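Trainee: predicted coordinates and the sequence they were generated for:
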Amino acid sequence: MSNTDNMRIVAILSTMLLHHQYIEQDGCGESDERPPEPMKIVDKVRE
C-alpha cells in the first residue's frame, strides 16, 4: 500500500468515528452529562 492509500484509509476511519460520535450519539461522548445552559443571551438585533 502506498502512502496515499494509507491516508485515504485514515480519512475514512476518521469520518466514521466522527459520524458515530456526533451524529449517532449527539456529541455527548461517553458521559450523559449535558452542557450547562447559557447564563446570558445577547441579542444585537433588538438594541
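Mentor: Everything's here; your move. Predicted, not measured: the structure shown is a model, and the values here were computed from it.
Trainee: can you give me the helices for the protein?
Mentor: The residue ranges that make up the helices of the chain, judged by DSSP state H, are 3-18.
Trainee: low-confidence ranges, it, go.
Mentor: Under the criterion of pLDDT under 70, the regions of the chain flagged as low confidence span 27-32, 46-47.
Trainee: spatially central residue in it, please.
Mentor: Note on the chain: the residue nearest the mean C-alpha position is Tyr22, at 4.4 Å, using CA atoms, centre = their mean.
Trainee: now do the contacts for that one.
Mentor: Under the criterion of CB atoms under 8 Å, 6 or more residues apart in numbering, Tyr22 has no contact partners. C-betas here are computed from N, CA, C, even on glycine.
Trainee: report the separation between it and Pro35.
Mentor: Tyr22 sits 14 Å away from Pro35, taking CB to CB, to the nearest Å as the criterion.
Trainee: next: Lys44.
Mentor: Relative to Pro35, Lys44 is positioned 23 Å away (CB to CB).
Trainee: and if you look at Val45?
Mentor: Separation of Val45 from Pro35 (CB to CB): 25 Å.
Trainee: who's more crowded, the two?
Mentor: In this comparison of Val45 against Pro35, neighbours counted by other CB atoms under 10 Å, the higher total goes to Pro35 at 7 against 4.
Trainee: may I have the phi/psi pair for that one?
Mentor: phi -70, psi 150 (degrees, to the nearest 10).
Trainee: same check, this time on Lys44
Mentor: As for Lys44, its main-chain torsions (degrees, to the nearest 10) stand at phi -70, psi -20.
Trainee: burial measure for it, as a count.
Mentor: Counted with other CB under 10 Å, the burial measure for Lys44 works out to 5 neighbours.
Trainee: again, but for Met39
Mentor: 5.
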